[in-house]
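Participant: Prediction below, plus the sequence it came from.
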Amino acid sequence: MEQRKQPYILQEEPGVKYYCACGLSGNLPYCDGSHKGTGKHPFKVEIEEPKTVAICGCGQSKNLPFCDGTHTTL
């Protein structure tokens with residue numbers, strides 16, 4: 001995943017979301033299919049109600065695709 005020192009803070013509506021796992025998407029943090037041929041697959045997340053989510057930007061979270069604060073120790 002792209003090395004970024006802070007998470008992506010998003011206001012998400014209900015539905016299925018695909019978050020980038022390879023860092024190659026031109027629409028980060030969302031997947032745009034750029035992972036094809038890398039062996040990586042996007043993170044599929046079902047959002048059940050409107051909410052704010054923090055999507056990991058550093059790629060080191062132990063709760064991917066969500067941020068767990070690991071970026072503060074890098």
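Facilitator: Cool, the structure landed. Numbering: from 1, shown residues only.

Participant: how about residue 72, secondary structure?
Facilitator: When classified by DSSP: H, G, I helix; E, B strand; the rest coil, residue 72 comes out as helix.

Participant: what's the spacing between it and residue 57?
Facilitator: 12 Å (CB to CB, to the nearest Å). Using the backbone N, CA and C atoms, a C-beta is placed for each residue, glycine as well.

Participant: With residue 17 instead?
Facilitator: According to CB to CB, residue 17 stands 16 Å off from residue 57.

Participant: Report how many residues lie close to the closest residue to residue 64 other than its chain neighbours.
Facilitator: Leaving aside its chain neighbours, residue 64 sits nearest to residue 56 (5.7 Å; criterion: CB to CB, 6 or more residues apart in numbering). Residues near residue 56, counting by other CB atoms under 10 Å, number 26.

Participant: now swap in residue 36 and tell me
Facilitator: Applying other CB under 10 Å, we find 10 residues neighbouring residue 36.

Participant: Buried residues in the helix or strand that residue 46 is a member of, which are they?
Facilitator: According to DSSP states H and E, residue 46 maps onto strand 43-47. In terms of neighbour count (16 or more other CB atoms under 10 Å), strand 43-47 has its buried residues at residue 43.

Participant: That one - contacts with which helices or strands?
Facilitator: strand 15-19 (3 or more CB pairs under 8 Å, 6 or more residues apart in numbering; DSSP states H and E).

Participant: For the strand it packs on, name the packing helices and strands.
Facilitator: strand 43-47.

Participant: Averaged pLDDT, the strand it packs on. What do you get?
Facilitator: Averaged across strand 43-47, the pLDDT comes to 98.

Participant: Thanks a lot, see you next time.
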